[in-house]
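In: next comes the sequence, and after it the predicted model I'd like to discuss.
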Amino acid sequence: MKTILVAGGAGYIGSHMTALLVEKGFQVVVADNLSTGHRQAVKGGAALRVGDVRDAAFLDRVFSEFAIDAVVNFAAFSLVGESVTDPLKYYGNNVGGAVSMLTAMKDHGVDKIVFSSTAATYGEPEKQPIEETDRTDPTNPYGGSKLAIEGLLKWCDRAYGIRYAALRYFNAAGANGEADIGEDHHPETHLIPIVLQCALGKRERVGIYGDDYPTPDGTCVRDYIHVRDLAAAHLLALEYLDRGGQSGAFNLGSGDGFSVKEIIDTARQVTGKPIPAVTEPRRAGDPSVLIASNAKAREVLGWAPERGLETIIADAWAWHSGHPDGYGEG
Ligand code: UFG
């Protein structure tokens, strides 16, 4: 396994995977339409081909130019709120992109794919921590589109022998200071970057979306996982598939939960800034608690997250304070 196609490799998590693969000596081809990704996030050492994964001719050119051994597919829209108001955009892009990618793989004889899935496939969880065998019943079209692709992957394995690892991320955060890459979304909706924008003085305050949840301090609890630990899991998943490992879904989370208030308090400690916060109404569709069981990824992939919450926030803070305007492309 030498050459890896990273679709969506100019985005937040994809760029961290690209950096890791380059560091480990793989030949990396990034395919990205740069609609939400950033050219500057793809550092030297990776080839960038700008195009849309829904464009069959584009993918055909990429698969013809490079002898691709495996695919890691990050290319997708990922705003939960937007998916509710525009489900066709989400199914069209996310499922449509996966159909084109799998078609190109089948046509070019590529039989391994690591796919970005999400904790949003579970919807309102049955129990904590969440295991891969728990009920999947998404509460928004973003999660629905990812679950639909997981279903498609199963059928493609059966029909064409394309094996997959669907990695269900919990809350990705952090940055990679050595590679000089970090999180830059427009608009930004995620808690940790918003909190750090307050620390930078770019926002006046952070709104806490509800403090009357059935949790110890009343705010929602999430499982935050360092983006570099996520990248490490993708590489282990590629190696697992390369060894002949069976297709399946894997949770990627730390197994620990932190409330919104705990995140803000930790960010105050890490940054030394006051970070004003006010309680606001609940955000529609937010489950009160989402915590991963990562036992399967530990046992089957040999993965273990290495970076805790303080490191996550410290690394994100280093990147945001060095890049207050993100990649600065508007
Ligand atoms: N939150 C606030 N204020 C903010 C932003 C967020 O209180 O300004 C809260 C949210 O209500 C939530 C927690 O902080 O309780 C984390 O919110 P994020 O938006 O950072 O992340 P989510 O848990 O909503 O979403 C993440 C991923 C999604 C994925 C989802 C799975 O970012 O891609 O987990 O449930 F779909």
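Out: Yep, that arrived.
In: how near is the residue lying closest to residue 92 once chain neighbours are set aside to residue 223?
Out: Take residue 92 and drop its neighbours on the chain: the residue closest to it by Cβ to Cβ, 6 or more residues apart in numbering is residue 54, 8.0 Å away. To be clear about C-beta, it is placed using only N, CA and C from the backbone, and glycine gets the same treatment. Remark: distance between residue 54 and residue 223 (Cβ to Cβ, to the nearest Å) = 31 Å.
In: residue 70 too?
Out: Taken as Cβ to Cβ, the span from residue 70 to residue 223 is 27 Å.
In: same drill for those two, tell me which one is more crowded.
Out: Neighbour count, other Cβ atoms under 10 Å: between residue 70 and residue 223, residue 223 has more, with 26 against 23.
In: the strands in this structure, which residues?
Out: Applying DSSP state E to the chain gives strands spanning 3-7, 27-32, 46-50, 70-73, 112-118, 163-169, 171-173, 206-209, 221-222, 224-226, 248-252, 258-259, 277-280.
In: can I get the ones you listed in CSV with distance to residue 62 and mean pLDDT?
Out: Conversion of these to CSV gives the following (distance: least, Cβ to Cβ, whole Å; pLDDT from 0 to 100):
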stretch, distance to residue 62, mean pLDDT
strand 3-7, 7, 98
strand 27-32, 6, 98
strand 46-50, 5, 98
strand 70-73, 10, 98
strand 112-118, 14, 98
strand 163-169, 19, 99
strand 171-173, 26, 98
strand 206-209, 40, 98
strand 221-222, 35, 98
strand 224-226, 29, 98
strand 248-252, 26, 98
strand 258-259, 40, 98
strand 277-280, 44, 98
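In: who wins for proximity to the ligand among those strands?
Out: strand 206-209 (3.7 Å; Cβ to the nearest ligand atom).
In: does that closest one come close to the ligand?
Out: Yes: Strand 206-209 lies within reach of the ligand by Cβ under 6 Å from any ligand atom, at 206, 207, 208, 209.
In: neighbours of the third one, how many?
Out: This means residue 208. The tally of other residues near residue 208 (other Cβ under 10 Å) stands at 21.
In: if it is in a bridge, with which residues?
Out: Using DSSP bridges, the beta-bridge partners of residue 208 come out as residue 279.
In: so who does the nearest residue to residue 116 once chain neighbours are set aside touch?
Out: Spatially, and ignoring its direct neighbours in sequence, residue 116 is nearest to residue 74 (4.8 Å; Cβ to Cβ, 6+ apart). By Cβ atoms under 8 Å, 6 or more residues apart in numbering, residue 74 lies in contact with 6, 7, 8, 9, 11, 13, 14, 17, 116.
In: how close does the fourth one sit to residue 231?
Out: Put plainly, it is residue 9. To residue 231, residue 9 is 11 Å away according to Cβ to Cβ.
In: so what sits against both of these two?
Out: Counting by Cβ under 8 Å, 6+ apart, the residues touching both residue 9 and residue 231 are residue 17.
In: so which of those two has more stuff around it?
Out: Using other Cβ under 10 Å as the criterion, residue 9 and residue 231 rank with residue 9 on top: 31 against 23.
In: can you name the residue of the stretch 151-300 of the chain nearest the ligand?
Out: Closest point on the stretch 151-300 of the chain to the ligand, by Cβ to the nearest ligand atom, is residue 220, at 3.0 Å.
In: the longest helix in the chain is where?
Out: Counting residues, the longest helix found in the chain (DSSP state H) is helix 141-160.
In: which strands and helices lie in contact with it?
Out: The helices and strands touching helix 141-160, judged by 3 or more Cβ pairs under 8 Å, 6 or more residues apart in numbering; DSSP states H and E, are helix 80-85, helix 87-90, helix 96-108, strand 112-118, strand 163-169.
In: same list (those) but as a markdown table, adding distance to residue 328 and mean neighbour count.
Out: Shown next, in a markdown table, are those (distance: least, Cβ to Cβ, whole Å; neighbours: other Cβ atoms under 10 Å):
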| stretch | distance to residue 328 | mean neighbour count |
| --- | --- | --- |
| helix 80-85 | 24 | 17 |
| helix 87-90 | 27 | 16 |
| helix 96-108 | 27 | 20 |
| strand 112-118 | 25 | 25 |
| strand 163-169 | 26 | 24 |
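In: and those as JSON lines, adding distance to the ligand?
Out: Compiled in JSON lines, the helices and strands packed on helix 141-160 are given as follows (distance: least, Cβ to the nearest ligand atom, whole Å):
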{"stretch": "helix 80-85", "distance to the ligand": "5"}
{"stretch": "helix 87-90", "distance to the ligand": "11"}
{"stretch": "helix 96-108", "distance to the ligand": "16"}
{"stretch": "strand 112-118", "distance to the ligand": "5"}
{"stretch": "strand 163-169", "distance to the ligand": "7"}
